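Peer 1: Sharing a model that was predicted from the sequence below.
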Amino acid sequence: MTSLKRLALVVLAGLSWAADAPARETAFVSLEQFSARATTRAATFSFRSPAFGVARVELALPVDAGSPRKQRHTRHVKPGAATLTVPTDCPPGQLEYSVEVELPAYSAGRSLGRFGRGEGQFVKPTHIALSPRGEAYVVDTGSDRVQVFDRHLDFLFQFGHFNPGPASAGAEVELGRFDEPWDLVINGYQEIFITDQNNRRVVRYDMLGRVIAELGRDAGLAVPRGIASDIDRELYVCDSDNDRVLVFDRDGRVRRKIGAYGWGAQQFKTPTDVAVAPDRTLYVADAGNARVQVFDRFGRPLEILDGPFQAPENLYVDADGFLYVIDSKAAKIFRYTSERVLVATYPGPDDDYAFDTPTDCARAPDGTLYVVDSGHGRVLLLEESRRAFRRSGKLAVEADKPR
C-alpha cells in the first residue's frame, strides 16, 4: 500500500473521532444509610458506598450578607461505611448540600481480531496505542508486525515484517524488519516508537508506518520491552534483561539510567513495563518482584506499590492520571488513582466477561477501554457506564462548641 493511500485512509478514519462520541447519561440512586451534620467549622456526611468510587460534595454556605458561598470537594471512597468531613468556616444558618458518589463500571462490547495471520487477525497481540484521531495501533508480537485500525475497528494498513527483503531493497526494508516487537508509544509529536526485543533496539516510525530511524543499539539494550514518552520527548525503555530503565532523548542519546538488579527500592528484577503520568510521575512494573515502583521525574523513588498482584507485567496511565496495572497471570486489571488508591478491578465479581492473559489497555476519549486480551487473540472493548448515588437537602449550621 502506498503512503498516499495510507494517508487518505487515516484522514477519512479520523474525521469525527471526538465529535460523534455518544453522550452518556447518568441515572442517580439514593445513597443508603445516609446522615449529615454541619457546624460553623465543618460538615460531616456518612453513608454506605457500594464500591470504590469518587465522592463529590457541593455546599452552598450561609454568609453574613449576600448570596450563599459555594464550595466543591472531591474525595475517594472505598466499599462499606464512608465518612466525609469538609470545612465550612461559615456563620450559623442554613446550608444546602449535594453528595454524589460515582462508580465507574465497564461492560463488554465489541471485539477486534481473532487468531490468524491475515488482515485483522493476530497470532500473539501484546500492546496497543490509540492515536489522537482514534486509530488503534496494535503490536502483534507473534507475527512481527503492527496493524492499524480506524475507530470503527476496520483494518487500515499494517507495517513491519520478519523476513528480510532482497539485497536490492535497501536499508529501509532492513530497518523495518522486526524480531518479536513488543511495545509501542505515540508521543505528542505524532511519532511512533516500537521496542524490537530480539534486535535489541527501538525503531522510530511516522504515523503512516514509514520507518525513520533506529536507536539504542549502542546503549547495550538486552531485551527492550516496555516503552513510554513524556512531554519533553524523552523515551523511557525497560531494558529487562539488564534490570534497569534507560531514558533516551528522541535522537537515541542516553540521558539517565534508573535501577539495578535487586529487591530493594530503586532495584528491579526483570522490569517489563514503564508508564509516565501527566504530572510526570514514573511507574515501573517490577515483574520479578511482583510489585510496581513509583518514581519522580528525576528517577528518585517515591513509593512501592504492593497490590494484590501475581504478575504485574504491564502498565498504562490515562489522560486523567489513573494507573492501570495489567496482571496477565491473575487475568485482571487493577485501576488506581494518581494517589495510588485502588478504585476498581476488571473484571469485577458481577461482570459477564473474562480475560485470558491480558497484556495492555488504552482508554479512548469516550471512556471505552481497549484491552489486549492476548490469550483470546483479540482486543476487547469495554464500554464505560456509570452508576451514581446522590443525596441532597438542607442542613441547619450549628454553632461550634468552644474548645
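Peer 2: Okay, I see it.

Peer 1: What is the burial count for residue 321?
Peer 2: When neighbours are defined as other CB atoms under 10 Å, residue 321 has 14 of them. Quick note: C-beta positions are derived from backbone N, CA and C, even for glycine.

Peer 1: can you give me how far stretch 209-221 is from the chain middle?
Peer 2: On the basis of CA atoms, centre = their mean, to the nearest Å, the separation between the geometric centre of stretch 209-221 and that of its chain is 25 Å.

Peer 1: Which residues are in contact with residue 252?
Peer 2: Taking CB atoms under 8 Å, 6 or more residues apart in numbering as the contact definition, residue 252 lies against 202, 213, 214, 215, 216, 218, 219.

Peer 1: averaged over its residues, what pLDDT does stretch 392-401 have?
Peer 2: Here the mean pLDDT over stretch 392-401 is 89, rounded to a whole number.

Peer 1: So which bits of it are buried?
Peer 2: When burial is assessed from 16 or more other CB atoms under 10 Å, stretch 392-401 yields the following buried residues: 395, 397.

Peer 1: go on, stretch 266-282?
Peer 2: Neighbour-count burial for stretch 266-282, with 16+ other CB under 10 Å as criterion, is recorded at 267-277, 281-282.

Peer 1: same thing with stretch 40-53?
Peer 2: Residues of stretch 40-53 classed as buried by neighbour count (16+ other CB under 10 Å): 40, 43, 45, 46, 47, 49, 51, 52, 53.

Peer 1: Next up, the contacts around the last one.
Peer 2: Translated: residue 53. Here residue 53 is in contact with 76, 77, 101, 102, 103, 104, 343 (CB under 8 Å, 6+ apart).

Peer 1: Check the third one too.
Peer 2: Residue 45 makes contact with 34, 35, 36, 57, 83, 84, 85, 97, 99, 391, according to CB under 8 Å, 6+ apart.

Peer 1: ok, and the fifth one, which helix or strand is that part of?
Peer 2: Which is residue 83. Taking DSSP states H and E as the criterion, residue 83 maps to strand 80-87.

Peer 1: Next: the second one.
Peer 2: Secondary structure assignment for residue 35, by DSSP H and E: strand 32-39.

Peer 1: Then the last one?
Peer 2: Under the assignment given by DSSP H and E, the secondary-structure element containing residue 391 is strand 378-398.

Peer 1: Mind giving me the packing neighbours of that strand?
Peer 2: Helices and strands in packing contact with strand 378-398 are listed as strand 28-30, strand 32-39, strand 42-49, strand 93-112, strand 125-130, strand 369-373; criterion 3 or more CB pairs under 8 Å, 6 or more residues apart in numbering; DSSP states H and E.

Peer 1: Lowest average confidence across these, which one?
Peer 2: Of all the helices and strands packed on strand 378-398, the segment with the smallest mean pLDDT is strand 28-30, scoring a mean of 67.

Peer 1: Residue 37 bridge partners, please.
Peer 2: For residue 37, the residues forming beta bridges with it (DSSP bridges) are residue 44.
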